[in-house]
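> what follows is a predicted protein model with its sequence.
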Protein chains: 2
Amino acid sequence: MNTPRKHAIRPATLEAIVEAAVRVLNANAGATMSEIAVQAGVGRATLHRHFRTRDDLVSAIGIRCVEEMNAAVRAQATAGQPAVDRLRSMFRAVIPLGDRYSFLGTDYTDDPKVREGYRTQLHWAEALVEDLKDQGDVARDVPSPWVVAQIDQLVWTAWNAIAEGYLSVNEATDLAVRTLTEGLR
Amino acid sequence: MNTPRKHAIRPATLEAIVEAAVRVLNANAGATMSEIAVQAGVGRATLHRHFRTRDDLVSAIGIRCVEEMNAAVRAQATAGQPAVDRLRSMFRAVIPLGDRYSFLGTDYTDDPKVREGYRTQLHWAEALVEDLKDQGDVARDVPSPWVVAQIDQLVWTAWNAIAEGYLSVNEATDLAVRTLTEGLR
DNA sequence: CAAATATGAGACACTAATGTCTCATTTACC
DNA sequence: GGTAAATGAGACATTAGTGTCTCATATTTG
């Protein structure tokens, strides 16, 4: 029987836990189960019922975040477009998830699924950079890891700008593309 | 009497502790006093002798790092030069300290001295950005916080590139300036 | 409404880290 | 070389977090 009869989780409870965990762990990687429980508005025991150990919870959050990112990218991945447009689409999709993203950097999990998802993103980015170079949007003499790192950082910078309220999503997206290709001059 | 008679610290011991703490805390913000002691090659008790609590140690490291950064910037700050050259000098001085720098982001201390040092850096960067705009190296329509964030991120990216061995300090510095002003096209 | 079950609250044992202390040993300095 | 002080090693109490369990309550489902 695949359906557990006891302690199935209520959707609302799961939602509350996951959202709180993302938020709290993002603010403080060393956050405690109690803090997460309080922020989620559930009992600490409920956390342990559905995520037996703290590591289980962190892993689950990691998997969820990385899958969200990949899903967002995949949803925007239209093959025919020019590379710059795909870059813009990618930024557009990923920037609003900046908070989920930063979690992955800080609280790195050793979970193989997270690692795999991360590798998927990396390959995606590398392929995109290659296309950008092919189309002359990025100079050939710039090392690809530098470009990938720059894209990564721009997502974070853009999300921050939005969070701090001085740019809209669209403005931040455009500025990210512009910063990468043309620079700020 | 300002000179403590008992438990003055030996320069070599202090050096070992500080270096180990920077290294270890950078790799893992939640590192334990034991880990730091082991890495420093000193007894755990010695750590507590000179830094009564863990917070004291973290604060001290934070202060030291931020002061190192400010000193490096100050040493390079020649007033007469064009803004771009000052940007390059700043990168040149700060990039090799990337590991000290990243510590400040992760393991944020509430210590007022750290905050103050951080603010100093921020003002410095803001003034530089203003000059860059005046001289046409950065477009006026780009929000200054974006530029400052970009500079910050570039320091980290450049340090990473050096740490991973695919760029030299000079190459990374040049590429950082180029990325900021001209972009990667 | 009634039965089933997910949740909340709290008690509990266990572990890991912190911070204090003592004492023997090593190091620096005169 | 001798003295004073810094260090290392380890014992110790204390604290904070984890993970388990139980039982009463709230919620869903039929």
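Right, received. Where do you want to start?
> going forward, measure contacts between C-alpha atoms and count neighbours the same way
Noted.
> from chain B, how far out is residue A:72?
From residue A:72 across to chain B, the span is 24 Å (C-alpha to the nearest C-alpha, to the nearest Å).
> wait, what's in contact with residue A:19?
Residue A:19 makes contacts with residue A:40, as judged by C-alpha atoms under 8 Å, 6 or more residues apart in numbering or on different chains.
> that one sits in which helix or strand?
helix A:11-27 (DSSP states H and E).
> could you list the buried residues of the following helix or strand past that helix?
Remark: after helix A:11-27, the chain's next helix or strand is helix A:33-40, criterion DSSP H and E. By neighbour count on 16 or more other C-alpha atoms under 10 Å in any protein chain shown, the buried set for helix A:33-40 is A:33, A:36-37, A:39-40.
> now do stretch A:76-94
By neighbour count with 16+ other C-alpha under 10 Å, stretch A:76-94 contains the buried residues A:76, A:83-84, A:86-94.
> which among the residues you listed gets closest to residue A:46?
residue A:94 (31.4 Å; C-alpha to C-alpha).
> list of residues touching stretch A:141-148?
With contact meaning C-alpha under 8 Å, 6+ apart, stretch A:141-148 is reached by A:122, A:125-126, A:129-130, B:157, B:161, B:184.
> that older thread, which one of the buried residues of helix A:33-40 is nearest DNA strand D?
Nearest to DNA strand D among these is residue A:33, at 3.8 Å by C-alpha to the nearest atom of the strand.
> wait, the closest one touches residue A:52, no?
No. Counting by C-alpha atoms under 8 Å, residue A:33 stays clear of residue A:52, with 11.2 Å between them.
> all helices for chain A, in order.
A:11-27, A:33-40, A:44-50, A:54-76, A:83-94, A:98-106, A:112-134, A:144-163, A:169-181 (DSSP state H).
> what about residue A:103, distance to DNA strand D?
17 Å (C-alpha to the nearest atom of the strand, to the nearest Å).
> nearest residue to the residue nearest the centre of chain A in space, please, no chain neighbours.
The centroid of chain A falls nearest to residue A:101 when counting by C-alpha atoms, centre = their mean (2.8 Å). Leaving aside its sequence neighbours, residue A:101 sits nearest to residue A:65 (C-alpha to C-alpha, 6 or more residues apart in numbering or on different chains; 6.9 Å).
> thought residue A:102 was touching the one you found, still the case?
No. Residue A:65 lies out of contact with residue A:102 (C-alpha under 8 Å); the separation is 9.7 Å.
> what comes up buried for stretch A:120-138?
For stretch A:120-138, a neighbour-count test (16+ other C-alpha under 10 Å) marks A:121-122, A:124-126, A:128-133, A:137-138 as buried.
> quick one: contacts of it?
For stretch A:120-138, the external contacting residues (C-alpha under 8 Å, 6+ apart) are A:70, A:83-84, A:86-87, A:139-140, A:144-145, A:147-148, A:181, B:184-185.
> dump it to PDB, restricted to CA.
Coordinates of each C-alpha in stretch A:120-138 appear next as PDB, following Å, rounded to 0.1, in the frame of the first residue of the first chain:
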ATOM      1  CA  THR A 120      20.900  20.600 -14.700                       C
ATOM      2  CA  GLN A 121      20.800  24.400 -14.100                       C
ATOM      3  CA  LEU A 122      24.500  24.700 -14.700                       C
ATOM      4  CA  HIS A 123      24.400  22.800 -18.000                       C
ATOM      5  CA  TRP A 124      21.500  24.900 -19.100                       C
ATOM      6  CA  ALA A 125      23.400  28.100 -18.300                       C
ATOM      7  CA  GLU A 126      26.500  26.800 -20.000                       C
ATOM      8  CA  ALA A 127      24.600  25.900 -23.200                       C
ATOM      9  CA  LEU A 128      23.000  29.400 -23.100                       C
ATOM     10  CA  VAL A 129      26.400  31.100 -22.800                       C
ATOM     11  CA  GLU A 130      27.700  29.100 -25.700                       C
ATOM     12  CA  ASP A 131      24.800  30.300 -27.800                       C
ATOM     13  CA  LEU A 132      25.300  33.800 -26.600                       C
ATOM     14  CA  LYS A 133      28.900  33.600 -27.800                       C
ATOM     15  CA  ASP A 134      27.900  32.100 -31.100                       C
ATOM     16  CA  GLN A 135      25.600  35.000 -31.800                       C
ATOM     17  CA  GLY A 136      28.100  37.600 -30.700                       C
ATOM     18  CA  ASP A 137      26.300  38.700 -27.600                       C
ATOM     19  CA  VAL A 138      29.200  37.600 -25.500                       C
END
